[in-house]
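**Student:** got a predicted structure here, sequence first:
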Amino acid sequence: MMNSGIVFAILAGAIWGGVIIAPSLLPEFNAVLISSVRFAMYGLISLLVALPIASRLLSQLTRRDALMLLRLSLTGNILNYALLGASVQLSGVTAAALINGMMPVAITFLARGDAGSLPLTKLKLPLLLVFLGIVSVSLEHSGARAASTSLSSQLLGLACGVSGVVCWSWYATRNARYLKQSHFNSSEWSTLLGIVTGIVAIVFGITVLILFPNLVPAQVENSRWMTLLWVCLFLALCGSWVANGLWNACSRRMATSLSGQMIVFETLFACVYGFLFSQRVPGLMEVTSIVLLVGGVVWAAKRHQLVPVKQAEP
């Protein structure tokens, strides 16, 4: 069961790696606008998917489920991606991906005490490898980025990235805990989460744009608006609906302290896509960091093999 969970995590990471790059393709659009359009589309897709089973889902939905969906939607989806997008636009793809790479440490810390999760003392060496991998590639890129971006932008981008890590780490742990005892399966929960996220995205986007109308660019070609819609459609369909379903399946099949470390695949794929986008091969320090990141996750997975996860996918 754990092996299939790892496969689901790798597939989700491969998609989310591309999601990290997306805001850099739309530099003239504010991250809040991108996040709102993306998740409004996600909500529409989820609503269409849910139509054949809508009556059954609504009959099973409790007030507790609805409140949790609302909290997860706002924190893990809308706020997280708005903060990530701002980090990408202010600090660059590589820096944002590396900040995201701190999620394994944050999620493992938040998941301590969960059923099937190992104590931090048993995971300190694997987590140390993950941390060293992030530090090594950060050193590789810090000098080059400093030359092209002001210090204030870098610091603001860093703050947005760290805030996004906090949002998604909370989302990952709470979602995994709730899903393990939920009467919904992974696909149903992902669909419900999408519908609620779409509603919240519309309300959030309208509210922010009323308060800050300058977030909508005044002079943008029609072709760029179409690019925004196409990119957001990809983010909604693949980055949200498909990837969230894969991640929910992963979360039900392994301990939270291990599934949290699977987020490192998002960082790895984002770096690989960045290398392809810039048409260059990684340097020695970057290869070293990738080896450390993968080695830390593999080591952690081996330490979890003797810890069964009792809740199976229905």
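**Tutor:** The structure has been received and is ready for your questions. None of these values were measured; they are calculated from a predicted model.
**Student:** any chance you could map the helices in the stretch 1-150 of the chain?
**Tutor:** 2-21, 31-50, 54-60, 63-72, 80-91, 93-100, 103-110, 120-148 (DSSP state H, counting those that start in this stretch).
**Student:** show me how far the following helix or strand past the longest one is from its chain's centre.
**Tutor:** So that's helix 120-148. Once helix 120-148 ends, the next helix or strand along the chain (criterion: DSSP states H and E) is helix 151-180. Centroid separation between helix 151-180 and its chain, computed with CA atoms, centre = their mean, to the nearest Å, is 9 Å.
**Student:** with stretch 90-98 instead?
**Tutor:** Taking mean C-alpha positions (CA atoms, centre = their mean), stretch 90-98 and its chain are 14 Å apart.
**Student:** please apply the same query to stretch 285-305.
**Tutor:** 19 Å.
**Student:** and the closest residue to Ala40 other than its chain neighbours, how far from Leu33?
**Tutor:** Setting aside the residues directly before and after it, Ala40 is nearest to Ala201 in space (CB to CB, 6 or more residues apart in numbering), at 4.7 Å. Backbone N, C-alpha and C define where each C-beta goes, glycine included. Using CB to CB, to the nearest Å, one obtains 11 Å as the distance from Ala201 to Leu33.
**Student:** who's in contact with the residue nearest to Ala40?
**Tutor:** Shown here is Ala201, whose contacts under the criterion CB atoms under 8 Å, 6 or more residues apart in numbering are 35-36, 38-40, 42-43, 73, 77-78.
**Student:** next, give phi and psi for the residue located most distally from the centre of the chain.
**Tutor:** Distance from the C-alpha centroid of the chain, by CA atoms, centre = their mean, peaks at Gln219 (31.0 Å). Geometry field for Gln219 lists phi and psi as phi -120, psi 90, criterion degrees, to the nearest 10.
**Student:** okay, it: pLDDT?
**Tutor:** At Gln219, the pLDDT value in this model is 81.
**Student:** do the same with Ala146
**Tutor:** The model reports Ala146 with a pLDDT of 47.
**Student:** and Ala66, by the same measure?
**Tutor:** Ala66 is assigned a predicted lDDT (pLDDT) of 93.
**Student:** before we move on, back to that, any chance of a markdown table for the contacts of Ala201, columns pLDDT, distance to Leu268 and neighbour count?
**Tutor:** Shown next, in a markdown table, are the contacts of Ala201 (pLDDT from 0 to 100; distance: CB to CB, whole Å; neighbours: other CB atoms under 10 Å):
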| residue | pLDDT | distance to Leu268 | neighbour count |
| --- | --- | --- | --- |
| Ser35 | 91 | 23 | 27 |
| Ser36 | 92 | 28 | 26 |
| Arg38 | 93 | 23 | 30 |
| Phe39 | 93 | 25 | 30 |
| Ala40 | 95 | 30 | 21 |
| Tyr42 | 92 | 24 | 28 |
| Gly43 | 93 | 29 | 25 |
| Ser73 | 93 | 27 | 26 |
| Asn77 | 90 | 22 | 27 |
| Ile78 | 92 | 25 | 24 |
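**Student:** any idea how many residues pack against Val294?
**Tutor:** In terms of burial, Val294 registers 16 neighbours under the definition other CB atoms under 10 Å.
**Student:** for it, which non-adjacent residue is spatially closest?
**Tutor:** Leaving out its chain neighbours, the residue that sits closest to Val294 by CB to CB, 6+ apart is Leu268, at 7.0 Å.
**Student:** can you classify the one you found by secondary structure?
**Tutor:** Three-state assignment for Leu268 (DSSP: H, G, I helix; E, B strand; the rest coil): helix.
**Student:** OK, contacts around it?
**Tutor:** When the contact criterion is CB under 8 Å, 6+ apart, the partners of Leu268 are 13, 17, 290, 293-294.
**Student:** Trp170 too?
**Tutor:** With contact taken as CB under 8 Å, 6+ apart, Trp170 is in contact with 75-76, 110.
**Student:** next one: Ala31
**Tutor:** With contacts defined as CB under 8 Å, 6+ apart, the neighbours of Ala31 are 23, 81-86, 88-89.
**Student:** these two touch, right, Asp65 and Ile195?
**Tutor:** No: in terms of CB atoms under 8 Å, Asp65 does not count as a neighbour of Ile195; the distance is 12.0 Å.
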